[in-house]
Each structure stands twice: as structure tokens, then as C-alpha cells.
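**Student:** A structural model of the following input is requested.
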Amino acid sequence: MLEKLPDLKGALSTVGSPTYNTGFIIVCLKDQKERTESIDKLINELRPKLNSVPGLKVSPYNPPPISIGSRQTYGVGQYTITSPNLDELYKAINDMQAQIKKIPGVVDVSSNLQTKVPTIYFTIDRDKASALGVSADQIQDAFYSAYADRQISTIYTNSTQHDVFLDLGVDFQNDPDAINRLYVRTGSSLGPSVTTATMVPLSTLGTVTQKLTSLSVNHSGQMPSATIQFNLEPGYSLGTVTSEIQTLAQKRLPSGVTGFFEGNASTYKSSFQNMGFLLLITVFLIYVLLGILYESFIHPITILTALPFAGAGALICLILFHMELDIYSYVGIIMLIGIVKKNGIMMIDFAIKVSREKSVSAKDAITQACVIRFRPIMMTTMAAIFGALPIALGYGAGGEARQPMGIAVVGGLLFSQFITLYITPVFYVIFDNLQKKYKKI
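**Tutor:** Got it, this is the predicted structure:
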């Protein structure tokens, strides 16, 4: 199915990792210039085709440029649940997995706790085994010889050697009733009436139970854990989905069971928790520096009035192009703060200089500033737009990941360029009149 892709360059498959019933295929596509479709579009087209194969559960995944976390994952989000009680862990992971599937935009929901593996448990009747002189080590050795690979000898030839292993045949290993045919030797001295060792069936020394259990159990911080992995459909934000999962966990997880995000979802959550504070600190530092430069509390506010319009323009463009507000786009918005404020500085600085030297009104001063500073403002803005345009168009290797940053910068500059040329002079006149009014008071 993958070989039929016209954009396929090569593929490498691995079977049996991390468990024997799983595997993965690393697909290498042609360069972006040679492809007809984007990676996300190809994934959305392949997802229903691959999962239509009976017996397969496939999770197509576009890994990020930098992988975060030590666990092997096949999704953009990972939510790990831990509990000292395995039964509670099984119940909680199945419940959370079913609830996460109901969240809009979430696809490829799966967990690494596969609780559908048939398993046989043998519980030793220690009193009976002790009475017969059979130790737990003997019972364990009998099972190991039957179902494991016990090397019992080595056959040497002139040029090679062959290892000899003892076990049951494959047909018997797959038959649960074969345990009834296994025997173990009793103790040689069981009392005055018994002087020789005898063979007793293993089934008489304990009870055999069959139930479904997990193929493997991972641990986080020495606690049994299971991880739910998921992907997102285009147009859905990882931040929104993680918030909904956190709300579900608070309602559904019982006491003694804890959950937390790992990998990309954990890094995304921790990064965005501090991003708003970083923006506030950035704006505050700019205000302090401008206040020192102009020796005024009012004029820095006039310069900073362009920032909300730049942020609004960036968000509008991200919505129009169906892109997420991720780390790259947040970096673009922070870049806008430094680029957009220079328009206000160029106008306000000239207006203050004219009003002081020629003693003209604030309205006349800002009008002259807009006329004279229009050309340099346009030149610097267009230079910044054309500089960010290749990023916005997604040129280069990995350009699709950086594209939101370019869209945010270009969109914010275009929107603020037309708005601030009319809004900033209005705020300047209003704040200048307020400053003169309070000085009189």
C-alpha cells in the first residue's frame, strides 16, 4: 500500500519492537519541491486505508524535529497513568482511553498496556507441596524446562558445535491442558512409610487459572504505569485537547491512580504556562526603556498601542490559514513586539521633537511626523515582511514546521501597518492633551 505512493522515496520496517506483536515503518518521502502533497495531508489519506486491513491497528505519525521523552511513541500526545494496583491500573487505562476517543479531533488513540493477552497463572498450594517434599524452586524449574529455552547440552563436531535445548513442542506449549501432563519429583524421605521418591502431577500441587492480562507492564518512578498515545486531526490544538484530558482525569481517575502528560504534550503545557508571563515581562521592559528615553509615563503607552493590533493580525492570519498557535507562532508574535513598536517610535520621536522645537500643537506635530516618516516606516516594514516571507511560504527542509512563525510575522506586520498609521496619531493627540491637563492640575 505504501509502495503505491507517488511521493515515496524509501521505507524501512521493523517487527517485534517494543513487543512481539507490534512494529513500525519509517517512511521517507521525496523533497518538498518534488512532492505534490504535504505530509499531514498524506497521513490523513493513509489513516483510513491502513486501518481498513483486518487485524491491524495503525497510527500514522509525523515526528517532530526534536523528539522529547524516553518512551517510544507514535503520537503527538502522551498521557501516562500510574498506580501500585495493577487491577485499578487496567480499569483506569481502559476507561480513560474510551473517554479520550470521544474528544473531537483526537484520532489514533491507543495504549501500551495490551490487556488482551491470554495468560495462565499457577498458584502453589504450599501446604500440600511441603507435605510432599516439593519446593517452589522445583515447580519453577519444571515450568522453565517445559516453556522456556533451557540449554541442557552441547554437541561438538569437528568444525562446529550445536546447543541442545529442552522444552515442550510448540503444539503442547499452545495447549493450556498440557500442564496436567507435567510431573515433578517428590522428596526422597516423606516419612517412615515412604522411602523412595515418586512423581506427582503439577496440577495436584496448586490451582491453574486463566485470564487476560497485559503483554508487558512499564514503570514510571518504580510504579506500574501505562501510557495513552493520540494524534490530532488538522485544525485542532494540542493545548485544547490536553486541557480536556486533564478535566477528564480529575473526574474519572479514582484515588490511588494518578495521571500526567509526557513527551511533547508535557513540554507544550509547561512552555505555554510561562509564555503569557514572558510576553508581559517583555512589554513591561519595553515600557520602562521608552519611559527612560522620553522621560514620560504617557508617550511609551502611545507607542505600545500598536502591539494589540499586531497580535490581532497574527492571530487572524493563523486562523485564516488553519494553523495552530504553537511555539513557533508564539516566537513570531514576540518578534512582532520588537518590529511593530519601531513604527510608533519613528512617529512619536519625530512628533515630540517638532513640538518642542517649533512649539506647534500635538495634532500638527503628529501630522508632520506621519508625512515625513511614512517612507522609512514603509521601507523597514516591507524589508521585515520580505525577510519573513520565505518562512511563511514554508521553503526549505522542515519549512512546514516553521511556517506558523512566518505567517504570524507577515500577518501581524500587514495588519498593524495599515491600522497603526491611523490609530497611533489619535492616541498621541489624546494622551498629549491628558498629559498637559494633569500638568496644569
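**Student:** run through the stretch 101-250 of the chain and note the low-pLDDT ranges.
**Tutor:** 115, 188-197 (pLDDT under 70).
**Student:** which parts of it are helices?
**Tutor:** Assigned by DSSP state H, counting those that start in this stretch, the stretch 101-250 of the chain shows helices spanning 126-131, 136-147, 170-173, 238-252.
**Student:** dump the first one to CSV, restricted to CA.
**Tutor:** This points to helix 126-131. Output of helix 126-131 as CSV, limited to C-alpha atoms (Å, rounded to 0.1, in the frame of the first residue of the first chain):
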residue,chain,number,x,y,z
ARG,A,126,2.3,-24.6,49.7
ASP,A,127,1.0,-26.8,52.5
LYS,A,128,0.4,-29.7,50.1
ALA,A,129,3.7,-29.2,48.3
SER,A,130,5.6,-29.1,51.6
ALA,A,131,3.8,-32.3,52.7
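**Student:** which strands and helices sit next to it?
**Tutor:** Helices and strands touching helix 126-131, by 3 or more Cβ pairs under 8 Å, 6 or more residues apart in numbering; DSSP states H and E, are helix 136-147. Placement of C-beta: from N, CA and C, glycine included.
**Student:** for the helix it packs on, name the packing helices and strands.
**Tutor:** With 3+ Cβ pairs under 8 Å, 6+ apart as the test, helix 136-147 has strand 117-124, helix 126-131, strand 183-185 packed against it.
**Student:** ok now the helix or strand hosting residue 438, how far from the chain's centre?
**Tutor:** Element membership for residue 438 (DSSP states H and E) is helix 399-440. The chain centre lies 35 Å from the centre of helix 399-440; the measure is Cα atoms, centre = their mean, to the nearest Å.
**Student:** mean confidence score for it?
**Tutor:** Averaged over helix 399-440, pLDDT sits at 82.
**Student:** re earlier: residue 91 is nearest to which of the helices of the stretch 101-250 of the chain?
**Tutor:** helix 238-252 (10.4 Å; Cβ to Cβ).
**Student:** buried residues in that closest one, which are they?
**Tutor:** 238, 241, 242, 244, 245, 248, 249 (16 or more other Cβ atoms under 10 Å).
**Student:** which residues touch the fifth one?
**Tutor:** Think residue 245. 77, 79, 100, 103, 261 (Cβ atoms under 8 Å, 6 or more residues apart in numbering).
**Student:** likewise the second one?
**Tutor:** Residues counted as contacts of residue 241 (Cβ under 8 Å, 6+ apart) are 77, 103, 105, 106, 230, 232.
**Student:** dump these into CSV; add distance to residue 423 as well.
**Tutor:** What follows is those, written out as CSV (distance: Cβ to Cβ, whole Å):
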residue, distance to residue 423
77, 40
103, 40
105, 36
106, 41
230, 43
232, 37
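**Student:** neighbour count for those residues - can I get that in JSON lines?
**Tutor:** What follows is those, written out as JSON lines (neighbours: other Cβ atoms under 10 Å):
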{"residue": "77", "neighbour count": "25"}
{"residue": "103", "neighbour count": "17"}
{"residue": "105", "neighbour count": "16"}
{"residue": "106", "neighbour count": "19"}
{"residue": "230", "neighbour count": "26"}
{"residue": "232", "neighbour count": "20"}
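**Student:** where along the stretch 201-350 of the chain do the strands fall?
**Tutor:** 206-213, 218-220, 223-232, 258-262 (DSSP state E, counting those that start in this stretch).
**Student:** and of those, who's closest to residue 43?
**Tutor:** strand 223-232 (8.2 Å).
**Student:** among the contacts of residue 245, which lie within strands?
**Tutor:** Among those, the residues falling in strands (DSSP state E) are 77, 79, 261.
**Student:** show me the protein divided up by domain.
**Tutor:** 1-60, 118-213, 296-440 (automatic domain parsing).
**Student:** with respect to residue 285, which of these lies nearest?
**Tutor:** domain 296-440 (10.2 Å).
**Student:** can you list the buried residues in stretch 143-158?
**Tutor:** So stretch 143-158, judged by 16+ other Cβ under 10 Å, has buried residues 145, 146, 147.
**Student:** spit out the contact partners of residue 344.
**Tutor:** 302, 303, 304, 305, 306, 420, 424.
**Student:** pLDDT weak spots in the stretch 251-400 of the chain?
**Tutor:** For the stretch 251-400 of the chain, counting by pLDDT under 70, the residues that fall below are 264-265, 267-273, 397-398.
**Student:** where exactly do the helices run in it?
**Tutor:** 263-294, 299-304, 306-320, 327-358, 362-393, 399-440.
**Student:** deepest-packed of these, please.
**Tutor:** helix 299-304 (a mean of 22; mean count of other Cβ atoms under 10 Å).
**Student:** need the contact partners of that helix.
**Tutor:** 283, 286-287, 290-291, 294, 341, 344-345, 348, 352, 424, 427-428, 431.
**Student:** between these, which is closest to residue 209?
**Tutor:** residue 283 (65.2 Å).
**Student:** wait, isn't the closest one in contact with residue 337?
**Tutor:** Yes: contact between residue 283 and residue 337 holds when scored by Cβ atoms under 8 Å: they sit 6.8 Å apart.
**Student:** which residues do those two both contact?
**Tutor:** What both residue 283 and residue 337 touch, as defined by Cβ under 8 Å, 6+ apart, is the set residue 307.
**Student:** mind checking how far residue 215 is from residue 16?
**Tutor:** From residue 215 across to residue 16, the span is 12 Å (Cβ to Cβ, to the nearest Å).
**Student:** who's more crowded, the two?
**Tutor:** For residue 215 and residue 16, the more surrounded residue by other Cβ atoms under 10 Å is residue 215, and the numbers stand at 16 against 9.
**Student:** so that one sits against residue 111, correct?
**Tutor:** No: between residue 215 and residue 111 there is no contact under Cβ under 8 Å: 11.3 Å.
**Student:** and the gap between residue 276 and residue 316?
**Tutor:** In terms of Cβ to Cβ, residue 276 sits 19 Å off from residue 316.
**Student:** meant to ask about residue 116, not that
**Tutor:** 48 Å.
**Student:** ok, now residue 373?
**Tutor:** Taken as Cβ to Cβ, the span from residue 373 to residue 316 is 26 Å.
**Student:** the residue nearest to residue 145 when sequence neighbours are not counted: neighbour count?
**Tutor:** Among residues not flanking residue 145 along the chain, residue 166 sits closest, at 5.4 Å (Cβ to Cβ, 6 or more residues apart in numbering). Residue 166 has 13 neighbouring residues, counting by other Cβ under 10 Å.
**Student:** ok, now the one 3 residues further on?
**Tutor:** Residue crowding around residue 169 was assessed by other Cβ under 10 Å; the count is 9.
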